[in-house]
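Student: the following comprises the amino acid sequence and a computationally predicted model.
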Amino acid sequence: MKIGVPKEIKTHEYRVGLTPGAVREYVAAGHSVLVETNAGAGIGTTDDNYRKAGATILDSAHEIFASSEMIIKVKEPQSSEWAQLRENQILFTYLHLAPDPEQATGLMKSGCTAIAYETVTDADGGLPLLAPMSEVAGRLAIEAAGTALKRYAGGRGLLIGGVPGVQPARIVVIGGGVVGTHAARMAAGLGAEVTILDRSIPRLRELDELFEGRVRTRFSTIDAVEEEVFAADVVIGAVLVPGASAPKLVSRGMLSSMRKGSVIVDVAIDQGGCFETSRPTTHADPTYEIDGVIHYCVANMPGAVPLTSSQALNNATLPFGLALANQGFAAVLENPHLRAGLNVYRGRLTYRAVAESLGLPFSPIEQAAA
Ligand SMILES: NC(=O)C1=CN([C@@H]2O[C@H](COP(=O)(O)OP(=O)(O)OC[C@H]3O[C@@H](n4cnc5c(N)ncnc54)[C@H](O)[C@@H]3O)[C@@H](O)[C@H]2O)C=CC1
Ligand SMILES: CC(=O)C(=O)O
Ligand SMILES: [Mg+2]
């Protein structure tokens with residue numbers, strides 16, 4: 001199969017869909033890989049490194065889209081990209097369609113087959129292509145909070161871990177999945193007082209064992225969220241209902257009861273965010289303030305550390321990408337985990353939670369492919 005890798009064009013997105021190491025694997029399996037010139041600049045790799053791995057370098061995204069049977073990217077396609085997709089072409093990347101009707105209709109109009117990294121599953125009920133970036137974003141969330149807490153940045157002027165004799169920051173993490181666990185690990189490591197809220201009791205049990213008493217766990221009710229958020233210096237939004245828009249757990253009205261200079265890091269912003277006042281921001285201008293509460297809502301946090309992130313992402317996508325390259329669409333029909341990733345097929349939405357969030361018709365794949 002001919003596989004195309006365009007350079008990422010979202011603001012301050014420095015990751016790349018395939019690293020030279022991954023290209024080598026596709027080429028060894030008999031595939032051709034076309035890479036846009038400078039696609040690897042953000043991870044400090046050159047066109048020559050891609051050529052050595054067996055890729056052909058093309059001058060423009062236009063040539064990549066025109067010549068490839070499958071496009072492998074990182075971020076959701078931007079409008080200039082979805083306009084170039086076409087029927088029978090496979091798109092394999094993050095999509096986050098639930099809060100993004102424009103992109104959803106753009107992909108539907110293109111007729112392409114779009115597989116979303118974030119809804120591909122594994123045998124343990126996990127999300128193996130979301131997990132590595134959630135690990136990165138969870139860890140970065142505490143760095144972002146530490147920066148925003150500084151007085152010159154509008155924050156309370158609090159050091160996350162405090163110092164001996166002075167209390168540390170109180171950090172509340174809503175959602176104890178991959179993002180939440182990695183955020184809690186970093187926060188606890190720095191010496192913060194950490195509470196994780198989740199609606200899954202089995203998950204709270206696992207967290208309790210994992211952190212051996214170093215982190216408090218709490219079942220997430222309306223009461224519990226209010227109590228914890230009002231007492232927090234930092235709130236990390238890390239909930240997910242796969243494919244769906246994030247539930248809004250902190251309302252606009254609640255902000256006035258939060259501490260002035262406290263910080264919200266809404267990692268779940270790519271699914272619409274779990275704070276009513278969240279709106280997507282970029283690495284170029286990551287924060288804004290409402291009612292004295294600093295909001296950090298960058299939708300591509302791992303793009304800031306592309307060396308770590310591109311490797312972690314490629315490790316996870318490789319087996320799925322190879323299956324698609326080897327078998328084409330048949331891989332989606334055969335493998336239930338890839339099938340869970342299918343969001344758009346020839347103009348139809350094939351992922352129920354996405355269709356429901358967008359208020360558009362849902363077509364099960366059996367029906368869409370019939
Ligand atoms: N902004 C960014 O750059 C990035 C954003 N993300 C996003 O972060 C979010 C979290 O991802 P993961 O941790 O991988 O998901 P996950 O599925 O591992 O964890 C989500 C957790 O939320 C819990 N949850 C669901 N509804 C809840 C509620 N009402 N109250 C409390 N807990 C609730 C679930 O029980 C689960 O434990 C997703 O939206 C993901 O797309 C991930 C990576 C990068
Ligand atoms: C998961 C995601 O949206 C990202 O890594 O940017
Ligand atoms: Mg994102």
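Tutor: All right, it came through fine. Ligands and ions are numbered 1, 2, ... in the order given.

Student: tell me how this structure divides into domains.
Tutor: Domain assignment of the chain by automatic domain parsing yields the ranges 2-120+311-368, 131-303.

Student: turn these into JSON lines, including mean neighbour count.
Tutor: In this view, the C-beta of every residue, glycine as well, is placed from N, C-alpha and C. Output for those, formatted as JSON lines (neighbours: other C-beta atoms under 10 Å):
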{"stretch": "domain 2-120+311-368", "mean neighbour count": "19"}
{"stretch": "domain 131-303", "mean neighbour count": "20"}
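
Student: can you add mean pLDDT and give the ones you listed back as CSV?
Tutor: Listed next are the domains of the chain as CSV, based on pLDDT from 0 to 100:
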stretch, mean pLDDT
domain 2-120+311-368, 97
domain 131-303, 98
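
Student: nearest to ligand 2, out of these?
Tutor: domain 131-303 (3.4 Å; C-beta to the nearest ligand atom).

Student: is the closest one in proximity to ligand 1?
Tutor: Yes: on the criterion C-beta under 6 Å from any ligand atom, domain 131-303 is in touch with ligand 1 at 131, 133-134, 137, 174-180, 197-200, 203, 220, 238-241, 246-247, 249, 267-271, 298-302.

Student: what helix or strand is residue 356 located in?
Tutor: If you go by DSSP states H and E, residue 356 is part of helix 352-358.

Student: my read: residue 233 touches residue 259, true?
Tutor: Yes: using C-beta atoms under 8 Å, residue 233 is in contact with residue 259, at 6.4 Å.

Student: overlap of the contact sets of those two?
Tutor: Residues within reach of residue 233 and of residue 259 at once, by C-beta atoms under 8 Å, 6 or more residues apart in numbering, are residue 156.

Student: in contact with whichever residue of the stretch 151-300 of the chain sits closest to ligand 3, which residues?
Tutor: Residue nearest to ligand 3 within the stretch 151-300 of the chain (C-beta to the ion): residue 270, separated by 3.3 Å. Residues near residue 270 by C-beta under 8 Å, 6+ apart: 94, 96, 99, 118, 280, 299-300.

Student: and ligand 2, which of the residues you listed reach it?
Tutor: 94, 118, 300.
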